[in-house]
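Visitor: no letters, just coordinates:
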């Protein structure tokens with residue numbers, strides 16, 4: 001029996017609320033500019049762990065400020081214990097910390113659009129992990145919508161050409177080249193970060209939407225605190241820790257390094273809000289629209305391409321299909 005006290009809709013069972021649409025829009029904007037800002041303002045020789053640590057600290061104080069402004073600090077901390085913090089935030093925090101390091105490495109070796117396309121596999125992993133962790137099924141139409149969402153990403157990237165839709169043979173041969181460093185430092189970390197995001201998103205959704213659900217700002221603070229502690233301890237024996245001891249914590253930093261850190265911190269809080277109000281799977285739809293915006297930014301000099309128009313249209317159709325075709329609830333047979 002579903003509790004009426006739950007304030008967030010269960011993803012896949014209800015249509016999108018105004019809050020969900022608003023936060024998905026904010027996420028799309030942040031997601032579109034983050035790879036560009038990170039690549040431009042994060043030096044390649046900077047210690048990645050120092051960037052992640054400061055990002056988590058900034059995110060903690062932003063979430064704390066939002067919690068104060070919302071006036072929900074008293075009910076949010078009611079019944080809070082260290083044990084509940086560790087049990088709720090422990091695993092997701094460690095996963096997000098690993099994801100952040102992998103994503104930062106990928107950011108620095110991939111262009112923004114390529115990163116965003118590879119990153120879309122997180123939507124598929126989120127659907128799988130939500131089923132494994134929470135038992136949230138996808139209807140046949142929702143599965144089709146997820147496949148259409150992935151196709152829209154491939155169209156936006158230009159991997160799937162317009163010839164595919166009109167049944168014509170490609171006008172040129174596809175040339176493939178394999179760069180080991182491009183794969184090991186760019187593609188592989190990006191795919192790893194995407195899978196971890198899906199798993200952590202499912203665990204976070206369970207904590208934010210389940211019984212005794214967490215306040216999203218408090219949950220962000222808990223994740224940050226756990227991430228800082230775990231990452232700080234890892235510096236004792238890690239290569240980044242040795243680099244900090246030899247060259248200093250702020251080695252390679254510039255004043256502009258804080259720009260992508262702040263936007264990434266805000267994005268982390270928005271992710272929590274989207275997960276609460278829309279769910280981990282539908283979060284992927286907001287990210288696809290971020291991919292569309294990213295393409296518009298990179299192609300501002302040449303205008304909107306046909307691929308971008310078709311890709312954005314497919315993403316919109318897939319979101320509508322997913323939101324209007326929820327999985328039917330499983331009815332339990334009554335015993336005579």
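Guide: Sure, I can see it. Just so it is clear, the model here is predicted, and its values are computed rather than measured.

Visitor: after the helix or strand of the chain with the lowest mean pLDDT, which helix or strand is next?
Guide: Least confident helix or strand, the chain: helix 163-166 with a mean of 61, by mean pLDDT, DSSP states H and E. With elements assigned by DSSP states H and E, the helix or strand that comes after helix 163-166 is helix 180-182.

Visitor: for that following helix, buried residues please.
Guide: By neighbour count on 16 or more other C-beta atoms under 10 Å, the buried set for helix 180-182 is empty. No exception for glycine: its C-beta is placed from N, CA and C like everyone else's.

Visitor: how about stretch 54-68?
Guide: Buried, per 16+ other C-beta under 10 Å, within stretch 54-68: 54-60, 62-64, 66-67.

Visitor: and for stretch 257-270?
Guide: Buried residues in stretch 257-270 (16+ other C-beta under 10 Å): 257-258, 260-261, 263-270.

Visitor: list just the nearest of the buried residues of stretch 54-68 to residue 107.
Guide: Nearest to residue 107 out of the buried residues of stretch 54-68 is residue 55 (C-beta to C-beta; 12.3 Å).

Visitor: and the closest one, what helix or strand is that in?
Guide: Secondary-structure assignment from DSSP H and E places residue 55 in helix 48-70.

Visitor: please apply the same query to residue 43.
Guide: Residue 43 is part of no helix or strand, with elements assigned from DSSP H and E.

Visitor: give the contact list for the residue nearest to it when sequence neighbours are not counted.
Guide: Leaving aside its chain neighbours, residue 43 sits nearest to residue 252 (4.6 Å; criterion: C-beta to C-beta, 6 or more residues apart in numbering). Listed by C-beta atoms under 8 Å, 6 or more residues apart in numbering, the contact partners of residue 252 are 43, 45-47.

Visitor: switch to 6 Å and redo it
Guide: Counting by C-beta atoms under 6 Å, 6 or more residues apart in numbering, residue 252 touches 43, 45-46.

Visitor: most neighbours, which of those?
Guide: residue 46 (18 neighbours; other C-beta atoms under 10 Å).

Visitor: quick check: it vs residue 248, distance?
Guide: Distance from residue 46 to residue 248, counting by C-beta to C-beta, to the nearest Å: 11 Å.

Visitor: cool, and residue 91?
Guide: Distance, residue 91 to residue 248, using C-beta to C-beta: 32 Å.

Visitor: just give the nearest non-adjacent residue to residue 192, would you?
Guide: Spatially, and ignoring its direct neighbours in sequence, residue 192 is nearest to residue 102 (4.9 Å; C-beta to C-beta, 6+ apart).

Visitor: which element is that neighbour on?
Guide: helix 82-107.

Visitor: what inclination does that helix have with respect to helix 48-70?
Guide: Going by axes from the mean of the first three to the mean of the last three C-alpha atoms, to 10 degrees, helix 82-107 is angled at 130 degrees with respect to helix 48-70.

Visitor: for the stretch 1-150 of the chain, give me the ranges with low pLDDT.
Guide: For the stretch 1-150 of the chain, applying pLDDT under 70 flags the ranges 1-15, 112-113, 116-117, 120.

Visitor: quick revisit: of residue 91 and residue 248, who's got more company?
Guide: Set side by side, residue 91 and residue 248 show more neighbours around residue 91, with 15 against 12, by other C-beta under 10 Å.

Visitor: from residue 226, how far off is that one?
Guide: Applying C-beta to C-beta to residue 91 and residue 226 gives a distance of 9 Å.

Visitor: also residue 82?
Guide: 11 Å.

Visitor: out of those two, which sits in the busier spot?
Guide: More neighbours surround residue 226 than the other of residue 82 and residue 226, with 22 against 7 (other C-beta under 10 Å).

Visitor: where does the more buried one land in three-state SS?
Guide: helix (DSSP: H, G, I helix; E, B strand; the rest coil).

Visitor: so which residues of the stretch 201-336 of the chain form helices?
Guide: Counting by DSSP state H, counting those that start in this stretch, one finds helices in the stretch 201-336 of the chain at the ranges 216-234, 239-247, 258-277, 280-298, 306-324.
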